[in-house]
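give me coordinates for this.
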Amino acid sequence: MDLAIPRPNELRDFARWLFWSPLRDQLDPRKPQRLRALYRLWPGVLVTGGQQRERMKDEYRRCFGDQYSTEALDALVKDSYRIAFRTHLEELVLGRLDEKTVFDFLQLEGRENLDAALERGKGALIMSAHAGSFMLPIAAISLLGYPYTQYAARGLPPQEVLDANPDAIPQNRWANETRAIREANEDALPANYLTLHTSARALYRRLANNETVGIAFDGRVGNKWVRMPYLGREALLNPGPYRLASKTGAALVPTFTHTPSDGPGVCTFGEPIYPEDRPWQEIMREFVHERAEPWIKSHPEEYGVWLAHCRGRAKVDDHPFFVDYAKDDGWKAFPKLDD
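Below you'll find the model as predicted:
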């Protein structure tokens, strides 16, 4: 490969390419101890965090108020970077995992809850958050033989968004190659992926076949949003999964991953939420306020990078995660959950 010298404004993207390409080529999932030896390098990412680190700290303040002292807040940010670095390292071997090696990096708890949801024959919605490792569960579930489809943002935003925000969304050789490598890594798993550009009928068909569909409840993919309280603030969340559950009868399976300081990550399948002919608003409130929010509050260190990421994208987002940092008043056009 021609390693042309990157321009100064491309150095961060070049560093990401070095991580996802040359480093990835040196790692073997059959030798997990070698990968684990790299965990200790996480402070280097903290040092280079810059604006992201400050955004993360401010987001924690906005979500948790005075719950943390200055020292505790600094420790929380450090732990978030530790988890994020480890998570990305483990994702480097994602496409080369198999049904044995995946469990060197992730353990599953509550699998009986997933099976119970599927026993009804109406499919299961794996409802996760962008917290901790959210890619390894896709590997584990699909490698165990569950027919699995992940609804996710892939590829680039529309060209008009790219043109309007050249600094926020990098478009250069290193960024493009890294994106392609990451998606090829994901495609090597026995899982399918659907995006916003795919007809919703595909999701209905998969659930009708009693398959599993993964959706991150806090994802930014979609064109319909509702305003609702979340982490002490007003958030814009996608009602799609709850509408889907209400219409199909598919159970929601709360699925969250914790990253301990040592040992494999732990992915827990919670007790299913069954629609039972309830309105989607009621299902959404139950999931967000009774399942997702309590878990996030108990594991805030798993959520820092996502909070900072969404804050950083606010200037290009017409549906910001939290409305208190919206670029304008456009978010007011979205209805409240109970409207």
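
can you count the residues close to D338?
For D338, the neighbour count with other C-beta atoms under 10 Å is 9. (Each C-beta comes from the backbone N, C-alpha and C, glycine too.)

for R12, that is, sorry about that
Using other C-beta under 10 Å, R12 is surrounded by 15 other residues.

check E183 too.
There are 15 residues near E183, going by other C-beta under 10 Å.

just give the nearest non-adjacent residue to it, would you?
In space, E183 comes closest to R154 once its chain neighbours are excluded; the distance is 6.0 Å by C-beta to C-beta, 6 or more residues apart in numbering.

the one you found falls within a helix, correct?
No: using DSSP: H, G, I helix; E, B strand; the rest coil, the secondary structure at R154 is coil, not a helix.

can you count the residues close to it?
Residues lying near R154 (other C-beta under 10 Å) number 16.

hmm, it is touching H197, no?
No: here R154 does not reach H197: they are 9.4 Å apart, not a contact under C-beta atoms under 8 Å.

coming back round to it: enumerate every residue touching the residue nearest to E183.
Taking C-beta atoms under 8 Å, 6 or more residues apart in numbering as the definition of contact, the neighbours of R154 are 183, 193, 195.

now the strands for this protein?
Under the criterion DSSP state E, strands of the chain are mapped to 106-109, 124-128, 148-151, 192-194, 212-216, 226-230, 233-237, 251-258, 265-269.

highest average neighbour count across those?
The highest mean neighbour count among the strands of the chain belongs to strand 124-128 (a mean of 27), with neighbours defined as mean count of other C-beta atoms under 10 Å.

so which residues make contact with it?
Contacts of strand 124-128 (C-beta under 8 Å, 6+ apart): 114, 117-118, 134, 137, 141, 148, 207, 212-217, 241, 244-245, 250-257, 272, 287, 291-292.

so in the protein, which helix runs the longest?
helix 70-91 (DSSP state H).

angle of it against strand 265-269?
90 degrees (axes from the mean of the first three to the mean of the last three C-alpha atoms, to 10 degrees).

flag every buried residue along helix 70-91.
Neighbour-count burial for helix 70-91 flags 73, 76-91 (criterion: 16 or more other C-beta atoms under 10 Å).

which strands or helices does that helix pack on?
Helix 70-91 sits against helix 43-47, helix 51-64, helix 304-312, with contacts defined as 3 or more C-beta pairs under 8 Å, 6 or more residues apart in numbering; DSSP states H and E.

which stretch in those has the least confidence?
Per-stretch averages of pLDDT across the helices and strands packed on helix 70-91 put helix 43-47 at the bottom, with a mean of 85.

CA atoms only: put that one into PDB for me.
The C-alpha coordinates for helix 43-47 follow below in PDB (Å, rounded to 0.1, in the frame of the first residue of the first chain):
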ATOM      1  CA  PRO A  43      -3.900   6.200  29.300                       C
ATOM      2  CA  GLY A  44      -2.400   7.300  25.900                       C
ATOM      3  CA  VAL A  45      -6.000   7.700  24.600                       C
ATOM      4  CA  LEU A  46      -6.900   9.800  27.700                       C
ATOM      5  CA  VAL A  47      -4.000  12.100  27.100                       C
END
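
contacts for it?
If you take C-beta under 8 Å, 6+ apart as the criterion, helix 43-47 is touched by 53, 77-78, 81, 84-85.

which one of the residues you listed is nearest to S21?
When the contacts of helix 43-47 are ranked by distance to S21 (C-beta to C-beta), F85 comes first, at 17.3 Å.

quick one, what contacts the closest one?
Residues in contact with F85, defined by C-beta under 8 Å, 6+ apart, are 39, 41-42, 45.

report the buried members of these.
Neighbour counting by 16+ other C-beta under 10 Å classes 42, 45 among the contacts of F85 as buried.

closest one of the contacts of F85 to D262?
Using C-beta to C-beta, the shortest approach to D262 within these belongs to Y39, at 9.0 Å.

how much space separates the closest one from Q33?
Going from Y39 to Q33 by C-beta to C-beta, to the nearest Å gives 11 Å.

for this structure, give me the ranges with low pLDDT.
1-5, 8, 155-169 (pLDDT under 70).

who are the contact partners of the most centrally placed residue in it?
By C-alpha atoms, centre = their mean, the mean C-alpha position of the chain lies nearest to H130, the distance being 2.9 Å. Listed by C-beta under 8 Å, 6+ apart, the contact set of H130 reads 216, 218-219, 303, 306, 309.

quick check: the farthest pair among the residues you listed?
Pairwise distances across the contacts of H130 peak at 13.6 Å for G219 and Y303 (criterion: C-beta to C-beta).

neighbour-wise, which of the two wins?
Remark: of G219 and Y303, Y303 carries more neighbours, 25 against 20, as counted by other C-beta under 10 Å.
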